[in-house]
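**Q** coordinates for the following, if possible.
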Amino acid sequence: MNPTNTGLVVGIDLGGTNLQVGVVDQANSIVGRSKKKTKAEKGPESVLDRIAEAVAEACEEAGCTTGDLSAIGIGAPGAIDFARGVVLEAPNLRWNDVHLARELSARCANTPVVVDNDVNVAIYGENRLGAGNNAENVLGVWCGTGVGGGLILNGELYHGGFGSAGEIGQTLLFPNAPLTYRLLEDVCSRTAVTRRIVTLIEQNHPSILPEISARRDAEKERKRTPLRQIGSSVIAQAYDEGDKLTRDVIHESADLLGRAISNVVTLLALPDVILGGGLTEALGQPWVEHVAASCREHVFPKAAAQVRFAATTLEDRAGLLGAALLARERLPQLV
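**A** Next comes the predicted model:
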């Protein structure tokens, strides 16, 4: 193991599309950063090499080397064997049984590596350094490409007996619906919201969203973006400009998300909920307020309607900061 004790740690947010790396000092400030496309289609070995390259680039910006790091923390999508640092199953990376901790450490001067779920580390970072204000018991829900969740109980990340605690996106909403419309993730992710809006537009429901997308492409002098590939910011602009179709779909999704969250709040009597992910970042407070209103309407007992909701303030820094925090805290167990 790397005996270095510089106080510098690296946090990594590994996603199916992008990966972000940050060198974090003892004051939890990001002093060096790098971002790359994941290129998961090239296989685990290639992705691991790209992560190591990004770590080296972030270190260069921070004025250090990989060998100066005390530890590396990484949040990876999918099911994780936390004790061994193995990604058991990550569909959007096309990974199965990838020994992430071991292989990344070997590429980074044998620096100790801590692996956790990507949404878990984002929620941990947000709770410790952002909107959560270090709450003792909190549910975090991140709505982006999919819907992920995590739990902090008694101040600690809670993994549960199978390591998948908090996976609210897998909540079954409509058991008799088509396969693509059964789970919470199927109706409340940015992917699902986009699909729903575009499908309705194709069925001749009026919307200004195509006009907004075309206008943005023209402003940036780029080729026309297919509607099914639009991002959260286009949806948010259509929402802000009062597009009825977009607002109807967003409000329906927010209502369903709030109902699902109310079940967790009721079950565990949780007083705090943090919302994050690209959809939350783009839509902001209107989204949070609609989700919160739905949750408060359906919780039990009535006193639980006092549950507090907050939106991410760290945004895309939450994952890498959370991963860095976990690496620093778990370092004594690794050396």
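**Q** residues of stretch 265-282 that come out buried?
**A** The neighbour-count check on stretch 265-282 (16 or more other C-beta atoms under 10 Å) flags 265-266, 270, 272-282 as buried. (Glycine included, C-beta is placed from N, CA and C.)
**Q** greatest separation within those residues: which pair is it?
**A** Based on C-beta to C-beta, the longest span within those runs between 266 and 282 and measures 28.7 Å.
**Q** just the helices in the stretch 201-335 of the chain please.
**A** Secondary structure of the stretch 201-335 of the chain (DSSP state H, counting those that start in this stretch): helices located at 209-219, 232-240, 244-268, 278-283, 285-298, 318-334.
**Q** residue ranges with poor pLDDT in this structure?
**A** Residues of the chain that meet the criterion pLDDT under 70 lie in 1-5, 333-335.
**Q** need the residue closest to the centroid of it.
**A** Geometric centre of the chain, nearest residue: residue 119, 4.4 Å, by C-alpha atoms, centre = their mean.
**Q** would you check that it makes contact with residue 140?
**A** Yes: Residue 119 is in contact with residue 140 according to C-beta atoms under 8 Å; the separation is 7.0 Å.
**Q** mutual contacts of those two, please.
**A** Residues touching both residue 119 and residue 140 by C-beta atoms under 8 Å, 6 or more residues apart in numbering: 149, 150, 166.
**Q** any chance of those in JSON lines, plus neighbour count, distance to residue 175 and secondary structure?
**A** Listed next are the shared contacts of residue 119 and residue 140 as JSON lines, based on neighbours: other C-beta atoms under 10 Å; distance: C-beta to C-beta, whole Å; DSSP: H, G, I helix; E, B strand; the rest coil:
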{"residue": "149", "neighbour count": "26", "distance to residue 175": "20", "secondary structure": "strand"}
{"residue": "150", "neighbour count": "29", "distance to residue 175": "25", "secondary structure": "strand"}
{"residue": "166", "neighbour count": "23", "distance to residue 175": "22", "secondary structure": "coil"}
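**Q** the residue of the chain positioned farthest from its centre and residue 190, how far apart?
**A** Residue distances from the centre of the chain (C-alpha atoms, centre = their mean) peak at residue 204, which lies 33.3 Å from the mean C-alpha position. Residue 204 sits 24 Å away from residue 190, going by C-beta to C-beta, to the nearest Å.
**Q** and residue 153, what does it touch?
**A** The contact partners of residue 153, by C-beta under 8 Å, 6+ apart, come to 136, 137, 268.
**Q** any idea how far residue 218 lies from residue 207?
**A** Taking C-beta to C-beta, one finds residue 218 at 18 Å from residue 207.
**Q** ok, those two, which is more surrounded?
**A** Per other C-beta atoms under 10 Å, whichever of residue 218 and residue 207 has more neighbours is residue 207, with 20 against 10.
**Q** leaving out sequence neighbours, find the closest residue to that one.
**A** Spatial nearest neighbour of residue 207, chain neighbours left out: residue 245 (4.2 Å); criterion: C-beta to C-beta, 6 or more residues apart in numbering.
**Q** can you count the residues close to the one you found?
**A** Residues near residue 245, counting by other C-beta under 10 Å: 17.
**Q** wouldn't it be in contact with residue 199 here?
**A** No: taking contacts as C-beta under 8 Å, residue 245 lies outside contact range of residue 199: 10.6 Å.
**Q** tell me which residues touch the closest residue to residue 236 other than its chain neighbours, please.
**A** In space, and not counting its chain neighbours, residue 236 is closest to residue 282: 3.9 Å by C-beta to C-beta, 6+ apart. Neighbouring residues of residue 282 by C-beta under 8 Å, 6+ apart: 231, 232, 233, 235, 236.
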